[in-house]
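Asker: Can you look at this prediction? I've put the sequence above it.
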Amino acid sequence: NAGVTQTPKFRVLKTGQSMTLLCAQDMNHEYMYWYRQDPGMGLRLIHYSVGEGTTAKGEVPDGYNVSRLKKQNFLLGLESAAPSQTSVYFCASSTTVSVSSGYTFGSGTRLTVV
Amino acid sequence: AQSVTQLGSHVSVSEGALVLLRCNYSSSVPPYLFWYVQYPNQGLQLLLKYTSAATLVKGINGFEAEFKKSETSFHLTKPSAHMSDAAEYFCAVSSANQAGTALIFGKGTTLSVSS
């Protein structure tokens, strides 16, 4: 099915370890986003991209890096994981002209940092 | 800057009762407004959206919302709750004038439905 695919779905990291979360979309969307969801906090934007090769910081970018080398993929990296990064991470994508069509979300990655 | 406030982190209703989930927004430019639903251990699904056309917007599963500019509100309603409506609901805002502007989400409202 067309949509947004996130890998992995679950991961447990030790403090200080690094990892990369992969988001792939097959809808030819220009815009892609990474959010984190924490209880009582809603979804907060980490980084986003308005096109291949471009990225921008969101509300909570510290401790994360991103890359958009291919239009269909948006990678979220944690260089040195901290317990505060325990969260559920959602990737989303949207079309170009505006966001009036709404986002398409992936099913999420549940990350625990111990 | 844009923001969204969802009044009530938890709403409980009986099956068959009216559902009302409140959302107020702040935006210095014409907004696009959205309601998303999240079922347990799943991603977010778009319920409905306001994009400057009709102020009363109908969505999936019998939900609707009314955009009231004077009150800066976009409350979500459903006449009769079903058990299957139990989920977390998020209101979100973006700018109508800025392509690529990211959605800003509220903190969410958990809807519980009792029999």
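Answerer: Happy to help now that I have it. Residues are numbered from 1 along each chain as shown, chains lettered A, B, ... in the order given.
Asker: Show me what the longest strand seen in chain A pairs with in its sheet, parallel or antiparallel.
Answerer: The longest strand of chain A (DSSP state E) is strand A:42-51. Strand A:42-51 sits in its sheet next to strand A:31-38 (antiparallel), strand A:54-57 (antiparallel), going by DSSP bridges.
Asker: Average pLDDT for that strand, rounded please.
Answerer: For strand A:42-51, mean pLDDT is 92.
Asker: coming back round to it: out of the strands paired with strand A:42-51, which comes closest to B:Phe67?
Answerer: Evaluated over those, closeness to B:Phe67 peaks at strand A:31-38, with 23.6 Å, by CB to CB. C-beta coordinates here come from the backbone N, C-alpha and C atoms, glycine included.
Asker: What average pLDDT does that closest one get?
Answerer: 94.
Asker: Kindly report the same for stretch B:19-27.
Answerer: 95.
Asker: what's the answer for stretch B:52-70, then?
Answerer: Mean predicted confidence for stretch B:52-70 is 91.
Asker: That stretch: which residues count as buried?
Answerer: B:57, B:59, B:63-65, B:67 (16 or more other CB atoms under 10 Å in any protein chain shown).
Asker: among these, which two are most distant?
Answerer: B:Phe63 and B:Phe67 (14.1 Å).
Asker: Excluding chain neighbours, what is closest to the most centrally placed residue in chain B?
Answerer: Chain B has B:Trp35 as the residue nearest its centroid, 3.3 Å off, counting by CA atoms, centre = their mean. Spatial nearest neighbour of B:Trp35, excluding adjacent residues (CB to CB, 6 or more residues apart in numbering or on different chains): B:Leu47 at 4.3 Å.
Asker: most neighbours per residue, which of the strands paired with strand A:42-51?
Answerer: strand A:31-38 (a mean of 24; mean count of other CB atoms under 10 Å in any protein chain shown).
Asker: would you turn the strands paired with strand A:42-51 into JSON lines with distance to A:Asn73?
Answerer: JSON lines is the format used below for those (distance: least, CB to CB, whole Å):
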{"stretch": "strand A:31-38", "distance to A:Asn73": "8"}
{"stretch": "strand A:54-57", "distance to A:Asn73": "12"}
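Asker: All the strands of the chain, residue numbers only.
Answerer: Unless you meant another one, I'm taking chain A. Under DSSP E, chain A gives strands at A:4-7, A:10-13, A:19-25, A:31-38, A:42-51, A:54-57, A:65-67, A:73-78, A:87-94, A:104-105, A:109-113.
Asker: let's do chain B instead
Answerer: B:3-7, B:10-14, B:19-26, B:31-38, B:44-50, B:56-58, B:64-68, B:73-78, B:87-95, B:104-105, B:109-114.
Asker: Tell me the residues of chain B that contact chain A?
Answerer: Residues of chain B found near chain A (CB under 8 Å from any CB of the partner chain) are B:6, B:9, B:32, B:34, B:36, B:42-46, B:49, B:51, B:90, B:94, B:96, B:99-108.
Asker: just the CA coordinates of stretch A:45-63, formatted as CSV?
Answerer: Extracted C-alpha coordinates of stretch A:45-63, given in CSV (Å, rounded to 0.1, in the frame of the first residue of the first chain):
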residue,chain,number,x,y,z
LEU,A,45,8.3,19.0,15.4
ILE,A,46,11.9,18.0,15.4
HIS,A,47,13.1,18.7,11.9
TYR,A,48,11.5,19.0,8.5
SER,A,49,12.4,19.1,4.8
VAL,A,50,10.8,21.0,2.0
GLY,A,51,12.7,19.1,-0.7
GLU,A,52,15.6,16.9,-1.6
GLY,A,53,18.8,18.2,0.0
THR,A,54,17.1,20.7,2.2
THR,A,55,16.3,20.4,5.9
ALA,A,56,15.2,22.9,8.7
LYS,A,57,14.9,22.9,12.4
GLY,A,58,11.6,22.5,14.2
GLU,A,59,10.6,23.2,17.7
VAL,A,60,12.8,20.6,19.4
PRO,A,61,15.9,19.9,17.2
ASP,A,62,18.6,19.5,19.9
GLY,A,63,20.2,16.1,19.9
